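Enquirer: What shape does this take:
(one chain, ligands or ions: 1)
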Amino acid sequence: MKILVINSGSSSIKFRLVESSSGEAIASGLLERIGLEQGRMEYRVRNGDKNVIEKPIPNHRTGLEMLLEMLVDPAAGALASLGEIGAVGHRVVHGGEKFTDSVAIGPEVIAKLEECSAMAPLHNPPNLLGIRASMDALPGVPNVAVFDTAFHQTMPPVAYVYPLPWSVYEEKRMRRYGFHGTSHQYVAMQTARILGRPLEDLCLVVCHLGNGSSITAVKDGRSVDTSLGYGTMCGVMMGTRSGDVDPAILLDLIENHGMTVSEVKDMVYKRSGLLGVSGVSSDMRDVEAAAAAGNERAALALDLFADKVRKHIGAYAVTMGRLDAIAFTAGIGENGPEMRGMICRGLEVLGARIDPEANRVRGVEKVISAKDSRVSILVVPTNEELMIARETERVLSKEGKPGARP
Ligand code: AMP
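Expert: Modelled structure (predicted):
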């Protein structure tokens with residue numbers, strides 16, 4: 001089935017048209033600067049050249065119509081008719097505790113999604129704009145929501161409850177939710193496939209290391225703990241986000257050092273992490289280059305990054321009571337042999353030994369552990385769009401709605 005996968009942000013729509021059986025990306029691209037004076041759509045059909053159209057895109061609805069027109073364009077398009085689109089799969093950031101699985105979208109689901117918006121005010125409302133635009137532009141085509149948080153809804157209370165007064169959880173539903181769930185789930189499934197073992201028998205740690213990063217403990221195919229929490233600034237250090245810090249520092253900056261709450265928020269989300277410590281960049285490649293050129297703060301930033309990831313791997317091995325494999329994914333995890341090597345230095349204590357030769361890879365699926373390593377270490381490129389397409393198909397077939405047909 002051809003499934004249009006949509007990731008709708010406040011002023012952008014990322015899309016990919018996926019053939020779910022083969023995983024092939026038939027077309028992909030990005031609409032950006034929606035609502036601004038000059039909009040831009042960039043798209044590619046299969047592996048062809050990138051096309052760019054620049055014109056105002058007043059809202060998400062117009063953006064989606066532009067994208068659909070492009071898909072059936074006789075010269076540059078990918079489809080003979082829009083009837084070939086069997087379903088639309090939407091990435092939705094926050095499903096709260098209401099959504100433990102992907103779900104077909106109808107009026108009741110939209111109402112529940114609106115209730116979840118308060119927990120992800122920057123993400124869920126634009127996701128809903130994309131959903132509404134798609135329902136309007138492709139009437140009769142089923143829509144499915146796939147949540148970043150759903151995979152983590154299997155965590156036990158010991159992983160998701162914060163040791164705060166109980167009312168914080170009970171009345172405000174403030175708890176660990178976790179994010180990047182689609183990526184963690186996809187990489188866990190791929191890891192089991194590569195190792196030729198059932199996912200249900202494995203204890204894995206998935207390290208999604210990109211500009212935003214999170215580590216997940218996956219036991220028997222289920223998320224049992226993850227490093228992102230109620231929000232997206234905790235856990236390991238990231239490009240511009242601090243990860244875990246002592247909240248006393250933040251309170252002190254506000255109480256005694258004249259910073260406002262929004263300044264502190266800006267600091268921990270946008271001016272910390274690799275950028276904050278190195279003073280060079282939020283981009284791993286720049287920080288590695290600076291460290292290689294002798295910049296000591298850049299070198300410290302790399303040490304800190306590796307340390308936080310390594311500690312989470314160790315903690316999760318203990319949580320699961322066993323460790324069979326560690327999988328690296330996302331920008332840094334897939335393309336950064338140096339950082340993978342640094343993280344694994346010290347993991348020998350868990351029985352995990354990297355093979356420095358095998359580790360010299362970027363962007364390809366590969367086992368990179370040494371032959372005598374008890375724990376397998378792998379590079380597994382993530383593919384959230386394909387996972388969303390497969391989830392969309394699974395949900396529709398479960399509900400007996402196999403998608404629209406031409
Ligand atoms: P993502 O958010 O998944 O796109 O990942 C972005 C991060 O991946 C940035 O910090 C990049 O510097 C990093 N990255 C991309 N390519 C490389 C590379 N070849 N070596 C090291 N880091 C890389």
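Enquirer: mind listing the strands for the stretch 151-300 of the chain?
Expert: Ranges of strands in the stretch 151-300 of the chain, per DSSP state E, counting those that start in this stretch, are 203-209, 213-219, 222-226.
Enquirer: so how far is the ligand from the closest residue to residue 235 other than its chain neighbours?
Expert: Excluding its sequence neighbours, the residue lying closest to residue 235 (C-beta to C-beta, 6 or more residues apart in numbering) is residue 227, at 2.8 Å. C-betas here are computed from N, CA, C, even on glycine. Distance, residue 227 to the ligand, by C-beta to the nearest ligand atom, to the nearest Å: 15 Å.
Enquirer: was I right about residue 227 contacting residue 209?
Expert: No: contact criterion C-beta atoms under 8 Å: residue 227 and residue 209 do not qualify, at 10.9 Å.
Enquirer: any residues in contact with both of those two?
Expert: residue 236 (C-beta atoms under 8 Å, 6 or more residues apart in numbering).
Enquirer: May I have the phi/psi pair for residue 234?
Expert: phi -100, psi -180 (degrees, to the nearest 10).
Enquirer: Tell me which residues touch whichever residue of the chain sits closest to the ligand, please.
Expert: Closest residue of the chain to the ligand, C-beta to the nearest ligand atom: residue 331 (1.9 Å). Contact analysis of residue 331 by C-beta under 8 Å, 6+ apart lists 209, 210, 211, 284.
Enquirer: Quick check: it is in a helix.
Expert: Yes: the assignment for residue 331 is a helix, going by DSSP: H, G, I helix; E, B strand; the rest coil.
Enquirer: what's the spacing between residue 143 and residue 132?
Expert: To residue 132, residue 143 is 10 Å away according to C-beta to C-beta, to the nearest Å.
Enquirer: of the two, who's got more company?
Expert: Set residue 143 next to residue 132 and count neighbours by other C-beta atoms under 10 Å: residue 143 wins out with 24 against 17.
Enquirer: where does the more buried one fall, phi/psi-wise?
Expert: phi -120, psi 140.
Enquirer: from what I can see it touches residue 87, true?
Expert: Yes: counting by C-beta under 8 Å, residue 87 is a contact partner of residue 143 at 7.1 Å.
Enquirer: Validate this expectation: residue 91 resides in a helix.
Expert: No: remark: residue 91 does not belong to a helix; assigned using three-state DSSP, it is strand.
Enquirer: I figured it was touching residue 149, is that so?
Expert: No: using C-beta under 8 Å, residue 91 is not in contact with residue 149; the gap is 11.3 Å.
Enquirer: Settle it for me: which of these two has more neighbours?
Expert: Using other C-beta under 10 Å as the criterion, residue 91 and residue 149 rank with residue 149 on top: 28 against 22.
Enquirer: a strand runs through residue 322, doesn't it?
Expert: No: when three-state DSSP is applied, residue 322 is found to be coil, with no strand at that position.
Enquirer: Would you confirm that it contacts residue 203?
Expert: Yes: counting by C-beta under 8 Å, residue 322 touches residue 203, with 4.4 Å between them.
Enquirer: Of those two, which one has the most company?
Expert: For residue 322 versus residue 203, neighbours defined as other C-beta under 10 Å are more numerous around residue 203 (19 against 11).
Enquirer: picking that back up, state the distance from the residue of the chain closest to the ligand to residue 339.
Expert: 10 Å.
Enquirer: shared neighbours, these two?
Expert: By C-beta under 8 Å, 6+ apart, the residues touching both residue 331 and residue 339 are 209, 284.
Enquirer: Show me the helices in the stretch 51-200 of the chain, by range?
Expert: Taking DSSP state H, counting those that start in this stretch to define them, one finds helices in the stretch 51-200 of the chain at 60-71, 107-116, 124-137, 157-160, 166-170, 181-195.
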